[in-house]
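Colleague: kindly generate the corresponding structure for this input.
(chains A and B)
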Amino acid sequence: MASLGPVVPMAPAAPVAPTAFSAQVTTRAWSRRARVVASLLIAVHIAAVFIAPFTFASTPAPGVSDGSPAALAAMRWFHPYIEAMFLQHGYAFFAPDPGPSHLFRVKLEFADGRPAEEWRFPDLQRHRPRLLYHRHFMLSERLWVGHVPSVAPPGLSENIEELMQWRRSRESYETYYHTLRDSYLQHLIHRRGAAKGVLARVEHRLAGVDEIRERRRRLNAPESYAIHPDDARLFGEAAP
Amino acid sequence: MTLGEATRRSAVATRDWLAAIVDGWDRFWFTAAEPHSLAAIRILGGAMLFYTHLVWALDLEAFLGKHSWVSRDANQLLSGGPGGGGYAWSYLWYLESPAALWTVHIAAMIVFAALTVGLFTRVSAVLAWIATLAYCHRLQGALFGLDQVNAMLAMYLMVGPAGAVYSVDAWWRGRRRLRPTHQPAGAASAHDASVRPTIASSSVSSNVSSSVSANVSASVSANVSANVAIRLIQVHLCVVYLFGGISKLKGTSWWDGSAVWFSVANYEYQSLDMTWLAHWPWLIALLSHATVFWETFYPVLVWPRLTRPVMLAMAIAVHGGIALFLGMPTFGLAMIIANLAFLSPGLVEAAVGLVAPRRERAG
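Modeller: This next block holds a predicted model:
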């Protein structure tokens, strides 16, 4: 009877004489040399699979510190393989906490007299099927990866080393963000035939249980969307 | 007991312990296994790869063209994170013209279709992995968990004989072998010399001549590489769940029980309105805690026969929930497909038999 057992265990396959039932399954064992070579390859690969999320998990929030020296040392060794094999993942789905959504707002202006266009990405109505919508959602989320606020956290200025660490992380994020933002804008300007455009990051605050149960707030209430303080001036809004 | 005797006994115990480790490793990785689970993963995983790339085709030039969302320079910055090492190579970087892009994209779609139906599977599996990696490396910025699972399955499908059953290859092989041969009975090939008895079900009609029967025997082989491929998926999946669980333990909402609420109350993710859960806070908390415990202990509890069904049932519930309520049907399904690695080949064969009865059974 079929069972939920592990992969069918079979003794290391010594050749067995054909029988009346031999029509179904054959098996061949690997030589000792093949098993040693395969074991080494498997061990290296499994180590790489493990080290990538381990490094991710042992690295605190951007701007705080570099992370575990042991994890970083292992990552240095395995980095080429991990990157080449697309293994550089943290697997931190909805972790450490499910957070707000990150979107972006775009305004495009045209030189040919067309009125300015303003869009928000992603857009459930425009991006279909759902997977295509999710691709656009990930593009907007990506603008916030490694986000370091423009103002240092309170108390950081008392420790010069931590302040320098924070400043490096901030500069790194700024470079990253500007590269991506410019790429998105260039794409949209080219696609729509616009003359110029601006892009602003938008955060969609999550509603608590009480807001829904007691105050009957809608999940997409306009007041729950906030433009990033650094980008507010682009849309003529006052920074909070 | 003298010191010398104690030392000798310790040495023997240590040697036995090390031998047991080596033996356990050997049995875990290098025991032959039947390819049915791997073939089921090939069909479903291949179909997911096909669909994933079909959706890229809906706006191909926006994602891969000269003026794509993520330009080549921005992509290289993203490949390894800020300061990436440049090891994430993709042939798609060198293609900008629409004609070239569409040509390689259609070629990739053909490869994924071939993998799904099991056509030239050994070759199509390798090509599918190369194409999957190329798209993942080029499309940094628009990726999410689905692509991680796609790449994982594509990588391991090429390790084992994923097309040995439930494939065009197997069907074609069977047809060729069912042609009457003049080979004398007992003159089986060297490959057939290691035939061993296993499950009683057979894909061979009982009235086929014995020489034909001997030839067909090679079509379903318990193969070490099938086991290696399945084991790699299993271990990789355990790493995914382990870190999925550990990373949740760093948050507060998974401890205070509000995490599931903040997942389903995310307007951009949600595909079904689940705000009615606001009136059931204990249920939200229960689901949050169950998710963390299940994910964290999956790497341990999925191995014993006693707890495996519970772990897999939870996997279907959690990933099914993600698919239905959190707007990620593809990711949810891909994770369920990966979990098929923990089903025994016999169970997969029995399940497939129920859905698609064999010809002789129907006859």
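Colleague: name the spans of chain A whose pLDDT lies under the cut-off.
Modeller: Chain A contains residues with pLDDT under 70 at A:1-28, A:61-65, A:157, A:238-240.
Colleague: now do the contacts for residue 52.
Modeller: With no chain named, the answer covers chain A. A:75, A:78, A:82, A:87, A:88, A:89, A:90 (CB atoms under 8 Å, 6 or more residues apart in numbering or on different chains). Every residue, glycine included, has its C-beta placed from N, CA and C.
Colleague: my question was about chain B
Modeller: Residue B:52 touches A:131, B:146, B:147, B:150, B:330, counting by CB under 8 Å, 6+ apart.
Colleague: against residue B:78, how distant is the nearest residue in space to the third one that is not next to it in sequence?
Modeller: Read that as residue B:147. Computed as CB to CB, 6 or more residues apart in numbering or on different chains, the closest residue to residue B:147 that is not its neighbour in sequence is residue B:136, at 5.4 Å. As judged by CB to CB, to the nearest Å, residue B:136 and residue B:78 stand 11 Å apart.
Colleague: what lies in contact with the helix or strand hosting residue B:156?
Modeller: Element membership for residue B:156, per DSSP states H and E: helix B:145-157. Identification of contacts with helix B:145-157 by CB under 8 Å, 6+ apart yields A:85-86, A:89, A:91, A:93, A:131, B:38, B:41-42, B:45-46, B:48-49, B:52, B:115, B:125, B:128-129, B:132-133, B:135-136, B:139, B:229-230, B:232-233, B:236-237, B:240, B:328, B:330-331, B:334-335, B:337-338.
Colleague: list the buried residues for the helix or strand just after it?
Modeller: Using DSSP H and E, the helix or strand that follows helix B:145-157 in sequence is helix B:168-178. Using 16 or more other CB atoms under 10 Å in any protein chain shown as the test for burial, helix B:168-178 gives B:169, B:170, B:173, B:177, B:178.
Colleague: can you redo those residues as a markdown table with distance to residue B:22?
Modeller: Shown next, in a markdown table, are those (distance: CB to CB, whole Å):
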| residue | distance to residue B:22 |
| --- | --- |
| B:169 | 35 |
| B:170 | 35 |
| B:173 | 36 |
| B:177 | 39 |
| B:178 | 43 |
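Colleague: and of the residues you listed, the nearest to chain A?
Modeller: Distance to chain A across the buried residues of helix B:168-178 (CB to the nearest CB) is lowest for residue B:177, with 10.9 Å.
Colleague: who are the neighbours in contact with the residue of the stretch 151-300 of chain B found nearest chain A?
Modeller: Proximity of the stretch 151-300 of chain B to chain A (CB to the nearest CB) peaks at residue B:251, 3.3 Å away. Contact analysis of residue B:251 by CB under 8 Å, 6+ apart lists A:95, A:96, A:97, B:259.
Colleague: so who does residue B:332 touch?
Modeller: In this structure, residue B:332 makes contact with B:319, B:320, B:321, B:322, B:323, B:324, B:326, judged by CB under 8 Å, 6+ apart.
Colleague: select only the buried ones of these in ChimeraX?
Modeller: The following ChimeraX command selects only the buried members of the contacts of residue B:332, with burial defined by 16+ other CB under 10 Å:
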select /B:319,321,322,323,326
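Colleague: now, the contacts of residue B:332 that are in helices?
Modeller: Those of the contacts of residue B:332 mapping onto helices are B:319, B:320, B:321, B:322, B:323, B:324, per DSSP state H.
Colleague: out of the contacts of residue A:52, what pair is the most spread apart?
Modeller: With CB to CB as the measure, no two of the contacts of residue A:52 lie farther apart than A:78 and A:90, at 14.9 Å.
Colleague: so between those two, which is more surrounded?
Modeller: Per other CB atoms under 10 Å in any protein chain shown, whichever of residue A:78 and residue A:90 has more neighbours is residue A:78, with 22 against 17.
Colleague: so which strand or helix has the residue nearest to residue B:147?
Modeller: Using DSSP H and E, the element containing residue B:136 is helix B:121-138.
Colleague: how far off centre is that helix?
Modeller: 14 Å (CA atoms, centre = their mean, to the nearest Å).
Colleague: and the angle from it to helix B:168-178?
Modeller: 170 degrees (axes from the mean of the first three to the mean of the last three CA atoms, to 10 degrees).
Colleague: now the buried members of the contacts of residue B:52.
Modeller: Among these, those scoring as buried are A:131, B:146, B:147, B:150, B:330 (criterion: 16+ other CB under 10 Å).
Colleague: which of these sit farthest apart?
Modeller: The two members of the buried ones among the contacts of residue B:52 with the most space between them (CB to CB) are A:131 and B:150, at 11.6 Å.
Colleague: where exactly do the strands run in the chain?
Modeller: In the absence of a named chain, chain A is used. Using DSSP state E, the strands of chain A run over A:26-28, A:101-109, A:117-121, A:196-204, A:225-227.
Colleague: correction: the question concerned chain B.
Modeller: B:221-223.
Colleague: where does it dip in pLDDT?
Modeller: Chain B contains residues with pLDDT under 70 at B:79-85, B:180-219, B:357-363.
Colleague: tell me which residues of the longest helix belonging to it are tucked away?
Modeller: Taking DSSP H as the criterion, chain B has its longest helix at helix B:3-30. Neighbour-count burial for helix B:3-30 flags B:28, B:29, B:30 (criterion: 16+ other CB under 10 Å).
Colleague: ramachandran angles for residue B:160?
Modeller: Main-chain torsions, residue B:160, degrees, to the nearest 10: phi -110, psi 180.
Colleague: tell me the contacts of the closest residue to it other than its chain neighbours?
Modeller: With CB to CB, 6+ apart as the criterion, residue B:160 has its nearest non-adjacent residue at 3.1 Å, and that residue is residue B:229. Residues in contact with residue B:229 (CB under 8 Å, 6+ apart) are B:38, B:156, B:157, B:159, B:160, B:162.
Colleague: quick one: whatever residue of chain A ends up closest to chain B from residue A:144, how far?
Modeller: Closest to chain B within chain A is residue A:96: 3.3 Å, counting by CB to the nearest CB. Distance, residue A:96 to residue A:144, using CB to CB: 15 Å.
Colleague: and what of residue B:146?
Modeller: Taking CB to CB as the measure, residue B:146 falls 20 Å from residue A:144.
Colleague: next, the contact list for residue A:203, please.
Modeller: The contact partners of residue A:203, by CB under 8 Å, 6+ apart, come to A:100, A:101, A:102, A:103, A:144, A:225, A:226, A:227, A:228.
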